[in-house]
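Trainee: Give me coordinates for this.
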Amino acid sequence: MGYGGSRRDAARAVGQVGDEGIDGIIDEDKLGLDSIYIQAKKWDNVVGRPEIQKFVGALMGKRAKKGIFITTSSFSADAVNYVSSIDTKIVLIDGKRLAELMIDYDVGVTTVTSYQLKRIDSDYFSNG
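Mentor: This is a model prediction of the structure:
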């Protein structure tokens, strides 16, 4: 998506036991002047406001102003409303949006079939 240079250099996973609620970090620019912190949840249940509040607390602990919360499920209306009411910039990516981004940026997907769309070349048929 254009963050921090190459895919390999732009982000790093940090999530593990004791990760303080941060699963990954993206360098927003190639110099690493600003970072975006990530929380990811592979859940079947809806992610509610309490989980988002924990993530906001983790961001405050890092003095971070930007975060992305990704889930394979969805977010409750209360979670979405909470994010829109706080100063910290949080982007919520649900399972549907995650799948769209994966397809758009060719991450974790493989092309099975491609099609060519053809049109008539009118210059071929001109009398000139």
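
Trainee: going forward, measure contacts between C-alpha atoms and count neighbours the same way
Mentor: OK.

Trainee: So what's the gap between the longest helix seen in the chain and the chain middle?
Mentor: Counting by DSSP state H, the longest helix found in the chain is helix 49-61. When distances are taken as C-alpha atoms, centre = their mean, to the nearest Å, helix 49-61 is centred 17 Å away from the chain's centroid.

Trainee: shaky segments in the chain?
Mentor: When residues are selected by pLDDT under 70, those of the chain lie in 1-12, 15-20, 128.

Trainee: quick one, strands of it?
Mentor: Remark: strands assigned in the chain by DSSP state E are 11-13, 24-27, 35-41, 66-71, 89-93.

Trainee: Tabulate the ones you listed (TSV), appending distance to residue 111 and mean neighbour count.
Mentor: Converted to TSV, these look like this (distance: least, C-alpha to C-alpha, whole Å; neighbours: other C-alpha atoms under 10 Å):
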stretch	distance to residue 111	mean neighbour count
strand 11-13	24	15
strand 24-27	26	19
strand 35-41	25	20
strand 66-71	24	21
strand 89-93	23	18
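
Trainee: Same list (the ones you listed) but as TSV, adding distance to residue 120.
Mentor: TSV is the format used below for the strands of the chain (distance: least, C-alpha to C-alpha, whole Å):
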stretch	distance to residue 120
strand 11-13	45
strand 24-27	46
strand 35-41	48
strand 66-71	45
strand 89-93	42
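
Trainee: Return the set of buried residues in stretch 80-100.
Mentor: Using 16 or more other C-alpha atoms under 10 Å as the burial criterion, the residues of stretch 80-100 that qualify are 80, 82, 83, 89, 90, 92, 93, 94, 95, 98.

Trainee: Just the closest of those residues to residue 33, please.
Mentor: Using C-alpha to C-alpha, residue 89 comes nearest to residue 33 of the buried residues of stretch 80-100, at 16.9 Å.

Trainee: Quickly list what that closest one is bridged to.
Mentor: residue 66 (DSSP bridges).

Trainee: That one and residue 38, how far apart?
Mentor: 12 Å (C-alpha to C-alpha, to the nearest Å).
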